[in-house]
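> quick one: sequence plus predicted model below, questions after.
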Amino acid sequence: MYTFKKEERLCSKKLLDELFNNGSSFLIYPFRVVYLSEILPEGCLAQVVIVVPKRRFKRAHDRNLIKRRIREAYRLHKGEFLYPFLQESKWQILLSLQYVGKEIAEYKFIEKKLLSVFKQLNKVYAEAGNKID
RNA sequence: UCAACGGGUUGUUCUAUCGCCAUUCGCCUGCGAAGGGAGGAAAGUCCGGGCAACACAGAGCAUCCUGCUUCCUAACGGGAAGGACACCGGCUUAAGCCAGUGUACGGAAAGUGCCACAGAAAACAAACUACCCCCGGAUGGUGAAAACCUGAAGAGGGAAAAGGUGAAAACGCGAGGUAAAAGCUCACGGCAAUGUAUGGUGACAUACAUUGCGGUAAACCCCAGGAGUUGAAAGGCCAAAUAAGCUGAUGAUUAAGGGCUGCUCGUCCUUGGGCCGCCUCCGGCGGAACGCAUCAGCGGGUAGGUCGUUAGAGCCUGUCAGCAAUGGCAGGACCAGAUAAAUGAUAGAAGCUCAGUUUACUGAGAACAGAACCCGGCUUACAGACCCGUUAUUUUA
RNA sequence: CGGGAUGUAGCGUAGCCCGGUAUCGCGUCAGCAUGGGGUGCUGGAGGUCGCAGGUUCGAAUCCUGCCAUCCCGA
């Protein structure tokens, strides 16, 4: 279950445009999260893109480090905190995790904050689900 | 021995769990196994190539780049060896010799420009102070007088030798020369150009002769050599798409219905016609428009796959040639290939550095930094370890 | 990945080609004017010219190498 294959990454340019034009967003430091509901291929609950801006981190090596830490945290915890409620409510979502911190954060810190991002998404979609019902 | 500086080499290792990327194999269509997965700078994009598309008779102009010599190289603005100059050090009584570092190092005797302030003057011209010559004769002195001596201001000319200045003052210094002067002449010396001789592949060196003497060409410029343009978003193939509409050009001449046919095109038959001009006017001829086809532009659609693309001017080992850069020969291995972009995370152990306790533990740290078509350089960043060189100190001989 | 431009007082700029004095406006400070403030007038302060080398007697300007910011190319 701890996988991170190509189907789980957001690569299509069209979907990306749609996400950033029409998606909703919230901020949990150090993440800016943009999300949008969309019909995706079978067996795929969420597609995610991880963004670390070049403007804040000049060196490619630093950007790589942050992206790897975020990706690892996402990979280890999505099965436990993200997928169950999506399966229940039959939503499929596009997700963008933008890193807006100014310094290179430790893995532990990123892990903690990512969990609260998942919690917030849970809350948002629980409310939306109720409205549809 | 311990510091500082410079250069070179290296750039922690292993295990477990969970993941990512491509390759090969197996079962047969998403799983398993195997072995592999960032750098010396992958960086800056400063040069040079390969490769690709387009352009191209030949020559010149403009623009840009390079600039001691020989060699290396696919090529270079790179490298090696050497020459010249400058700086610094050592030895020597000295001449000089040796070692190191640096140099955009063609031409200032083709021409033009510039050299602030200061200074007489920044290289033409002119002439401030002082100097000299020729006029000039104020004033003063001697004397009884004639006269003699003194010679200021001023006018004309000579000179660039002396002078404060300045980064730099007409090559330096001595002698002759002259009214005073001037490489004007001479001796010695410095730098440069040309010629001859000798040595060297050559830059150049040495000797002799002649000629010349401010700097600046990273000022314009002159000389010699070189440069076609655009870059993998190059380019090839496949799939999908190129609809409707608008504008322009060209071509044929039509429109409607029916037959042949599974459909389209095409062909045959029947019927019918508006506008303008001309003529021999119930008719005929010509033209434009509508409509049709093709092409181009706008608009609209698509924005995926695959090749290029990783076996190479490459790497490792040995050997030969060469002062060296480098090259030849022989043997060996196959060593990242992503594309919104893999190469990771966590835990533990060993080794290294630092700190604290103390002789074995605890805590902290481990640089610069991430391939994107591929090579050769250059430049810049870099903790620690090791090696080499220079300088200084101390000790011993 | 490939091109290009710009860094000058707190802010916005001129000067750079063709080297010697760093300019202007806003702001700021002091004075005058006003009962006081604004407006106005007068005067002043404030600069590693992005950084480091080189050429030159002398560099914001010329040359070389870095750093930062911005803009293009589907």
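It's in.

> mind showing which ranges of chain A have poor pLDDT?
A:1-3, A:5-7, A:11-15, A:17, A:21, A:38-44, A:89-91, A:128-133 (pLDDT under 70).

> quick one: the biggest helix by length in chain A near RNA strand B?
In chain A, assigned by DSSP state H, the helix with the most residues is helix A:107-132. Yes. Counting by C-beta under 7 Å from any atom of the strand, contacts between helix A:107-132 and RNA strand B involve A:Tyr107. C-beta coordinates here come from the backbone N, C-alpha and C atoms, glycine included.

> with stretch A:51-59 instead?
Yes. Taking C-beta under 7 Å from any atom of the strand as the criterion, stretch A:51-59 and RNA strand B are in contact, through A:Arg59.

> restricting to C-alpha, output that stretch in PDB.
Output of stretch A:51-59 as PDB, limited to C-alpha atoms (Å, rounded to 0.1, in the frame of the first residue of the first chain):
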ATOM      1  CA  VAL A  51       5.700  22.200  -5.800                       C
ATOM      2  CA  VAL A  52       8.700  23.800  -4.400                       C
ATOM      3  CA  PRO A  53       9.200  27.300  -5.900                       C
ATOM      4  CA  LYS A  54      12.500  28.200  -7.500                       C
ATOM      5  CA  ARG A  55      12.200  31.700  -6.300                       C
ATOM      6  CA  ARG A  56      12.700  30.700  -2.700                       C
ATOM      7  CA  PHE A  57      15.200  27.900  -3.200                       C
ATOM      8  CA  LYS A  58      17.900  28.900  -5.700                       C
ATOM      9  CA  ARG A  59      19.800  25.500  -5.600                       C
END
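
> can you show me the helices along chain A?
Listed in chain order (using DSSP H), the helices of chain A are A:13-22, A:60-81, A:83-89, A:107-132.

> got the buried residues for the longest helix of chain A?
Residues of helix A:107-132 classed as buried: A:110-111, A:113-114, A:117-118, A:120-122, A:125 (neighbour count, 16 or more other C-beta atoms under 10 Å).
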